[in-house]
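A.B. asks: quick one: sequence and predicted model below, then my questions.
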Amino acid sequence: MNGLQSFLANLEQFGERPALLHPDGEILNYLELSAMADEFSQLLAQKQNNKRCKIGIWLPKVPEKVAAILGVLTTNSVYVPLDYTSPAKRNLFIIEDCKLEGLILEKKQMDKVKGFENTKVYEIESFPALVFIQFHRENLPEISPKLATIFYTSGSTGTPKGVLLSHENILCFVEWASSIFDLQEQVILSIAPFHFDLSTFDLYAGLMNGCTIILADHNQAKNPRLIVDFIARYKVTCIYATPTFYNLLAVHGRLSKFDFSSLSQILFAGEIFPLKQFQLLKSYWQHPTYYNLYGPTETNVCTYYEVPTSIDESIAAFPIGKNCPYAKSKVDEKGELWVSGKSVALGYWNQDTLTQQRFVLDEKGVLWFKTGDVVNVDKDGNYVFEGRKDRMIKRRGYRIELDEIENAFKNHPLLEQAAVISAKKEDQLSIKLFFLPINEETAPSEMDLRLYANESLPMYMMPDAFIPIKAIPKTSTHKVNYQALKTL
Amino acid sequence: MSTISKIEAFIYQKLGKENDGTITLDTPLLDVGLVDSIIALLLVDFIEAEFDIEFLPNEVRPENLNTLRLINSFIDSKKEGID
């Protein structure tokens, strides 16, 4: 049995303890979840002839989604979680890029995948709202036996790229999390969608420890009033989310009205937590212990920092801390953080050049991932995040390659040129698109451009400002002069 | 000022720009990202204070906020409920 299978086989030990709670009312205990996962694994084993393959999961955040993921893993296959809120075009790209062999989808969404040839659609008897779509493909590259899942993230070439996560990558993090946090039969609020690495904590650390996991979907996660109600009502003990999420709760959740005495551990990651925002949250939630976890999808969490009870007010933000026991790190002469160890991903799907650029073997044969994050070390030996080496940004916890946005607009039929920059204004990072229309008369309006972006980019990549420009400034080597754009 | 123009003015102010006619009665404010999740929450606070109504937690959702028309009819339905 591969890594994650061995613990999935043990889910039944938690018996009738609630495993998943969908805030719309559905509760699934561990026995029921296990049975539901079995149904998916039997379906897959039968339809795929027990062949190891890559199965996409394009579902909203419902208990069936968890069962489908577990079912895929149980059959020793690889799951590829698709962003339910992404434009169909982006998910269709992933289906093709990843050469998915199967897809679990809502029946009502079937028209979205009708463009594919050589497919077979199967009704799923136990889940009448869902279908299984099989893609017949030939000459597929072999999948590493270590691979558990592929998480797609923003890509600088203009299309998303798949990060190859192994069973060991997930397990080393989950085992460490189980040892350092108190997770035995806790109540976890799951905010992150399942194509984000934060979700590996909710799903695997949660299920391994018999926790009850409350599934908040993409709309609920954006509604602080609803979320605080869940936390109080279901006596949530542990949350792992982005600072943006916690700040929304603190500002808009009317926290003073509720009892939060159940909360004991608050984990955050994905971006800097501005101290002022943190202190606002802490003024409502004084009791929990807070942890800052750090690591890109390619390494999952590799450093962590426990926030002390008394905080040094002179710092701007918390350090990202020190290595997790399974990770090693070093800082090169340019200040970039490199990470090695069991949590380092297997590379990018079908992108050998990019993989070789970012995943580097040293002279001793150790594989290092170059994070692109520039760090410093503080007086206590903690890493402190300073910035990025490249054009990747984090906005509201989302990882965004500005070039993915730029390339989307460069493909607009009525635009001659497009350039995208980010600009910071009072803790808020905004994305600005500069565009040069092919001609004045057919120049698209802001609304045209928004509607266009809506077809190909996730909402979190939508620019905040759309600025027409007479000429895109260039450097002496004829590249876009982003510095000059920042002064406009 | 009408309900709709008050809300329109609030959104333009949050976007930091002049009323350039971008937003019409049926512009899908959330779908095209004109009103992002943060502005949406500010908008809810504004509507509550301005029109003296209260959103229940499950009423803070796209079906009530996506267009000026939807917002307007949500406010109307709330006010009818009060009268």
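C.D. replies: All right, it came through fine.

A.B. asks: those strands in the stretch 151-300 of chain A, which residues are they?
C.D. replies: Here the stretch 151-300 of chain A has its strands, by DSSP state E, counting those that start in this stretch, at A:161-166, A:187-190, A:212-215, A:238-241, A:265-268, A:289-294.

A.B. asks: with mean pLDDT, mean neighbour count and distance to residue B:11 added, can I get these in TSV?
C.D. replies: C-beta coordinates here come from the backbone N, C-alpha and C atoms, glycine included. What follows is the strands of the stretch 151-300 of chain A, written out as TSV (pLDDT from 0 to 100; neighbours: other Cβ atoms under 10 Å in any protein chain shown; distance: least, Cβ to Cβ, whole Å):
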stretch	mean pLDDT	mean neighbour count	distance to residue B:11
strand A:161-166	98	23	35
strand A:187-190	98	24	31
strand A:212-215	98	24	32
strand A:238-241	98	25	27
strand A:265-268	98	21	30
strand A:289-294	98	21	35
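
A.B. asks: quick one: closest of the ones you listed to residue A:201.
C.D. replies: strand A:238-241 (4.8 Å; Cβ to Cβ).

A.B. asks: got the contact list for the residue nearest in space to the middle of chain B?
C.D. replies: Residue closest to the mean C-alpha point of chain B, counted by Cα atoms, centre = their mean, is residue B:71 at 4.9 Å. Contact partners of residue B:71, counting by Cβ atoms under 8 Å, 6 or more residues apart in numbering or on different chains, are B:4, B:7, B:43, B:47, B:64-65.

A.B. asks: quick one: buried ones out of these?
C.D. replies: Of the members of the contacts of residue B:71, the ones counted as buried by neighbours, 16 or more other Cβ atoms under 10 Å in any protein chain shown, are B:7, B:43, B:47, B:64-65.

A.B. asks: with respect to residue A:380, which of the contacts of residue B:71 is nearest?
C.D. replies: Within the contacts of residue B:71, proximity to residue A:380 (Cβ to Cβ) peaks at residue B:43, which comes in at 42.8 Å.

A.B. asks: buried residues in the host helix or strand of the closest one?
C.D. replies: Using DSSP states H and E, residue B:43 maps to helix B:37-51. Using 16+ other Cβ under 10 Å as the test for burial, helix B:37-51 gives B:37-44, B:46-47, B:51.

A.B. asks: tell me if it is near chain A.
C.D. replies: Yes - remark: helix B:37-51 sits within contact range of chain A at B:37-38, B:40-41, B:44-45, by Cβ under 8 Å from any Cβ of the partner chain.

A.B. asks: mind putting those into a markdown table with pLDDT?
C.D. replies: Output for the residues of helix B:37-51 next to chain A, formatted as a markdown table (pLDDT from 0 to 100):
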| residue | pLDDT |
| --- | --- |
| B:37 | 89 |
| B:38 | 89 |
| B:40 | 95 |
| B:41 | 95 |
| B:44 | 96 |
| B:45 | 95 |
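
A.B. asks: now those residues in a markdown table, with distance to residue A:81?
C.D. replies: Formatted as a markdown table, the residues of helix B:37-51 next to chain A follow (distance: Cβ to Cβ, whole Å):
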| residue | distance to residue A:81 |
| --- | --- |
| B:37 | 21 |
| B:38 | 26 |
| B:40 | 26 |
| B:41 | 27 |
| B:44 | 30 |
| B:45 | 34 |
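
A.B. asks: of all the residues you listed, which two lie farthest apart?
C.D. replies: The widest separation within the residues of helix B:37-51 next to chain A (Cβ to Cβ) is 13.4 Å, between B:37 and B:45.

A.B. asks: can you list contacts of the helix ranked longest in chain A?
C.D. replies: Identified as the longest helix of chain A according to DSSP state H is helix A:30-47. With contact meaning Cβ under 8 Å, 6+ apart, helix A:30-47 is reached by A:8, A:11-17, A:19-20, A:28, A:55, A:63-64, A:66-68, A:70-72, A:74-75, A:77, A:102, A:104, A:122, A:124, A:126-127, A:132, A:134, A:210.

A.B. asks: please pick the buried ones from the residues you listed.
C.D. replies: Using 16+ other Cβ under 10 Å, the buried ones in the contacts of helix A:30-47 are A:8, A:11, A:14, A:19-20, A:28, A:55, A:63-64, A:66-68, A:70-72, A:74-75, A:77, A:102, A:104, A:124, A:127, A:132, A:134, A:210.
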